[in-house]
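Asker: Here is a sequence together with a model predicted from it:
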Amino acid sequence: MSFSIERYKEESRKVDVTGIKWDEVTAHPLSKGDLFCLHYMMDIENHVPLYLSHLLVTRACMDPILTAFLACWNYEELWHGENIGRLLNLYGIEFDTQERIANVRANLGFQNSVSILSTMAGSWMLKDFSAVYLSIGAINELSTLTGYGALIRKSGHPVLKDLLGRIIKDERRHFAFYFNSSKEWLSGNAKAQKIDRWMLDRVWVPVGQGVKTQEEVDALAIYLFDDEQGEEELLELDAKIGKLPGLAGIKLMSKALYAARERVKRNPTWAWRLIENEEWAVKPPKKSPVGELTTRHSQGVEAEPVEAGTP
Ligand SMILES: [Fe+2]
Ligand SMILES: [Fe+2]
């Protein structure tokens with residue numbers, strides 16, 4: 001698996017959706033589980049700029065190769081979220097994308113600021129912070145593309161398959177960057193390997209957790225991976241991450257699946273009730289209405305033309 005940052009900078013672009021049969025989206029049904037996953041995935045794709053805001057205050061951003069990657073990566077992820085939203089809208093689920101994104105962010109509240117500050121402080125105290133961040137990046141990208149593959153299989157929806165197939169190609173490139181960079185950092189660096197292993201074993205959570213609740217994370221895991229093939233895919237995913245120096249035999253996504261299964265065993269309605277009750281709407285925040293956060297107080301107000309000139 002090779003990755004060239006120069007080639008990536010040249011070739012990075014928004015996912016090409018030419019030829020996708022958008023007009024056939026409603027011709028094939030999507031189950032409640034498919035829809036639950038699509039909302040989850042869209043929200044997490046759309047959350048990337050906030051995730052980026054956490055990274056840009058860390059020592060990892062002293063590295064110009066990393067910041068070049070992040071500049072392109074952020075743009076590509078934006079179009080993943082946009083296109084999943086488009087598919088949902090065409091399927092007949094109405095929501096305003098900007099409002100939904102603003103609601104997700106507003107609901108994070110104070111926790112978001114605390115998280116930025118602690119990541120920043122942690123990174124400056126920890127010389128090998130980048131090793132941890134890069135391996136988490138590799139796990140997140142690999143989990144994302146594995147999740148998209150599982151949703152293609154579960155849904156059997158041809159238009160969704162076409163869209164997610166194209167997005168998966170981007171996620172593969174993202175995975176290659178994170179995996180190779182993290183391998184480079186960890187190779188021959190016993191201290192970084194030890195810290196990375198310790199953090200992944202104790203602090204790591206599946207992609208999306210924090211923005212989504214434990215029950216929502218479990219619902220996604222159970223719907224997509226709670227069968228023989230799903231479990232196999234997660235074990236393979238862990239084995240791939242286990243190839244990084246110092247991470248042999250690590251159990252991450254499979255461990256998350258087994259923990260989700262345990263919670264469902266204790267309470268059989270756990271996770272499934274979210275899917276059954278179609279709980280994918282994002283509630284407006286109790287404090288700080290969206291208008292207050294975005295300054296968009298009213299609809300339909302003509303914006304004054306502004307001279308373009310600043311970058
Ligand atoms: Fe993505
Ligand atoms: Fe990605």
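Answerer: Here it is on my side, so go on. Numbering: from 1, shown residues only. Ligands and ions are numbered 1, 2, ... in the order given.
Asker: who's in contact with the closest residue to residue 129 other than its chain neighbours?
Answerer: Take residue 129 and drop its neighbours on the chain: the residue closest to it by Cβ to Cβ, 6 or more residues apart in numbering is residue 123, 4.0 Å away. The C-beta positions use only the backbone N, C-alpha and C, and glycine is treated the same way. Neighbouring residues of residue 123 by Cβ atoms under 8 Å, 6 or more residues apart in numbering: 57-60, 129, 133.
Asker: Report the contact partners of whatever residue of the chain ends up closest to ligand 2.
Answerer: For the chain, the residue closest to ligand 2 is residue 174, as judged by Cβ to the ion, at 3.7 Å. By Cβ under 8 Å, 6+ apart, the residues touching residue 174 are 73, 76, 137, 141.
Asker: swap in residue 223?
Answerer: By Cβ under 8 Å, 6+ apart, the contact set of residue 223 is 33, 36-37, 154, 271, 275.
Asker: Quickly check: the host helix or strand of residue 174 near ligand 1 or not.
Answerer: Take DSSP states H and E as the rule and residue 174 turns out to sit in helix 158-186. No: judged by Cβ under 5 Å from the ion, helix 158-186 makes no contact with ligand 1; its nearest approach is 5.5 Å.
Asker: Just the buried residues of that helix, please?
Answerer: For helix 158-186, the neighbour count (16 or more other Cβ atoms under 10 Å) marks 159-164, 166-168, 170-171, 173-183, 185-186 as buried.
Asker: what do you get for stretch 131-145?
Answerer: Neighbour-count burial for stretch 131-145 flags 131-145 (criterion: 16+ other Cβ under 10 Å).
Asker: If we check ligand 2, which of those are in contact?
Answerer: residue 141.
Asker: Closest to ligand 1 out of the buried residues of stretch 131-145?
Answerer: When these are ranked by distance to ligand 1 (Cβ to the ion), residue 144 comes first, at 5.8 Å.
Asker: so residue 30, which of the three states?
Answerer: coil (DSSP: H, G, I helix; E, B strand; the rest coil).
Asker: tell me the average confidence for stretch 229-247?
Answerer: For stretch 229-247, mean pLDDT rounds to 98.
Asker: Close to ligand 1: what parts of the stretch 51-200 of the chain are there?
Answerer: Applying Cβ under 5 Å from the ion, one finds that the stretch 51-200 of the chain approaches ligand 1 through 77, 80.
Asker: any idea which helix or strand carries residue 99?
Answerer: Under the criterion of DSSP H and E, residue 99 resides in helix 97-108.
Asker: in that helix, what counts as buried?
Answerer: So for helix 97-108, counting by 16+ other Cβ under 10 Å, buried means 100-108.
Asker: any chance of the residues you listed in CSV, with pLDDT too?
Answerer: Listed next are the buried residues of helix 97-108 as CSV, based on pLDDT from 0 to 100:
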residue, pLDDT
100, 92
101, 92
102, 90
103, 90
104, 90
105, 90
106, 87
107, 87
108, 86
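Asker: Closest one to residue 217 out of the contacts of residue 174, please.
Answerer: residue 141 (17.1 Å; Cβ to Cβ).
Asker: Test my guess that that closest one contacts residue 181.
Answerer: No: in this structure, residue 141 is not within contact of residue 181 by Cβ atoms under 8 Å, at 11.6 Å.
Asker: Now tabulate the contacts of residue 174 in a markdown table and tack on pLDDT and secondary structure.
Answerer: Listed next are those as a markdown table, based on pLDDT from 0 to 100; DSSP: H, G, I helix; E, B strand; the rest coil:
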| residue | pLDDT | secondary structure |
| --- | --- | --- |
| 73 | 97 | helix |
| 76 | 98 | helix |
| 137 | 96 | helix |
| 141 | 98 | helix |
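Asker: Most widely separated two among those residues?
Answerer: Checking those with Cβ to Cβ, the most distant pair is 76 and 137, at 13.7 Å.
Asker: Figure out how far the helix holding residue 174 is from the centre of its chain.
Answerer: Helix 158-186 sits 12 Å away from the centroid of its parent chain (Cα atoms, centre = their mean, to the nearest Å).
Asker: quick one: average pLDDT of it?
Answerer: Computed over helix 158-186, the average pLDDT equals 97.
Asker: give me the low-pLDDT residue ranges for the chain?
Answerer: The model of the chain has pLDDT under 70 over residues 288-291, 293, 295-311.
Asker: can you redo the buried residues of helix 97-108 as JSON lines with distance to ligand 2?
Answerer: Shown next, in JSON lines, are these (distance: Cβ to the ion, whole Å):
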{"residue": "100", "distance to ligand 2": "20"}
{"residue": "101", "distance to ligand 2": "17"}
{"residue": "102", "distance to ligand 2": "22"}
{"residue": "103", "distance to ligand 2": "23"}
{"residue": "104", "distance to ligand 2": "18"}
{"residue": "105", "distance to ligand 2": "19"}
{"residue": "106", "distance to ligand 2": "24"}
{"residue": "107", "distance to ligand 2": "23"}
{"residue": "108", "distance to ligand 2": "20"}
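Asker: I appreciate the help and will end here.
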